[in-house]
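Chemist: Curious how this folds, go ahead:
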Amino acid sequence: MQKREFIPNKKGLKLAAIVHKPESNGIFPAVILLHGFTGYKEEEHIETLARDLASEGIVAIRFDASGFGGSQGTIEKDFRFSNYLSDIDAIYDYLKSQEFVDKNRIGIWGHSMGAMLAIIFAAQNKQIKAVCSVSAPPLMGDSDKIALVMENWKEKGWYTRNFSKTGEEVKIPYAFIQDAQKFNVLDYVANVHAPLLIVIGKIDDAVRPKSTRKIFDSANEPKKLLEYDGMGHDYKKYPELLSKVNKDILAFFEENL
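Modeler: Presented below is the predicted three-dimensional model:
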């Protein structure tokens, strides 16, 4: 069962969200799902994971960061790393207010930039019970693809790329990366004491696997590292691996929520 919601953040902007609820009645654990840089809630790896979680008795919520996708705000003014972090607070508060959610059993998952945010949010919110981080760089700009455009980005004042959902060209202001680089996952991961799963694609050409391993090495126990042969950064493009990765992530949340 899924339901569309528009959840206000602290600035009053409505976040476009989709809630996946198990079919049966009851009180369930829940997982917040976070897309990556210029990602969106309908990406295949996010939507399939949400459905898989709900089918096994775990509520899942996926949403677009403010200023992006279906959420209110503009890329120019509102799409910022720190704003996305604040948006998670609004989603977390929403989940805790739902009568079908066990507020003491909420986890978080993220991919790429969302994987960074998952760790940072868990470091700041000790009530989070389990964390899964997929292909996280320690720092925005540590990603090979972003590092290549940094100088031109600063000079022009924006970074242009196509939004994969619509093909539309979007301009990400330089203010985005200035804000994002205030956050280094290595400064936060030692404050995460919930079970942590780190996922790496061995042929990731956007975030170097060795960079993600630094996060794992700096993390507390209990922690687990899963590395997949033949998996790149956008693992939604690897259908032969997608179900395997989701199955392993689902098993982690079933064990720890």
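Chemist: alpha carbons only for contacts and neighbour counts from here, please
Modeler: OK.
Chemist: I'd like to know how far residue 85 sits from residue 15.
Modeler: Separation of residue 85 from residue 15 (C-alpha to C-alpha, to the nearest Å): 13 Å.
Chemist: Counting neighbours, go ahead and name the busier of these two.
Modeler: residue 15 (26 against 17; other C-alpha atoms under 10 Å).
Chemist: Give me the residues contacting stretch 41-54.
Modeler: With contact meaning C-alpha atoms under 8 Å, 6 or more residues apart in numbering, stretch 41-54 is reached by 17, 20-23, 33-35, 59-64, 69, 235-236, 242, 246, 250.
Chemist: Now do the most far-flung residue of the chain relative to its centre, the pLDDT please.
Modeler: Largest separation from the mean C-alpha position in the chain: residue 155, at 28.9 Å (C-alpha atoms, centre = their mean). If you check residue 155, the pLDDT there is 85.
Chemist: Also the one 3 residues further on?
Modeler: Residue 158 is assigned a pLDDT of 90 by the prediction.
Chemist: dump the residue contacts of it.
Modeler: Going by C-alpha under 8 Å, 6+ apart, residue 158 touches 171, 172, 173, 174.
Chemist: which among those residues end up buried?
Modeler: 172, 173, 174 (16 or more other C-alpha atoms under 10 Å).
Chemist: mind listing what the first one touches?
Modeler: Same thing as residue 172. 75, 76, 158, 159, 160.
Chemist: In which helix or strand does it reside?
Modeler: Residue 172 is part of strand 169-173, with elements assigned from DSSP states H and E.
Chemist: Restricting to C-alpha, output that strand in PDB.
Modeler: In PDB, the C-alpha atoms belonging to strand 169-173 read as follows (Å, rounded to 0.1, in the frame of the first residue of the first chain):
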ATOM      1  CA  GLU A 169      18.900  20.800 -18.100                       C
ATOM      2  CA  VAL A 170      19.300  22.000 -14.600                       C
ATOM      3  CA  LYS A 171      21.800  24.500 -13.100                       C
ATOM      4  CA  ILE A 172      23.200  23.800  -9.700                       C
ATOM      5  CA  PRO A 173      24.600  27.000  -8.100                       C
END
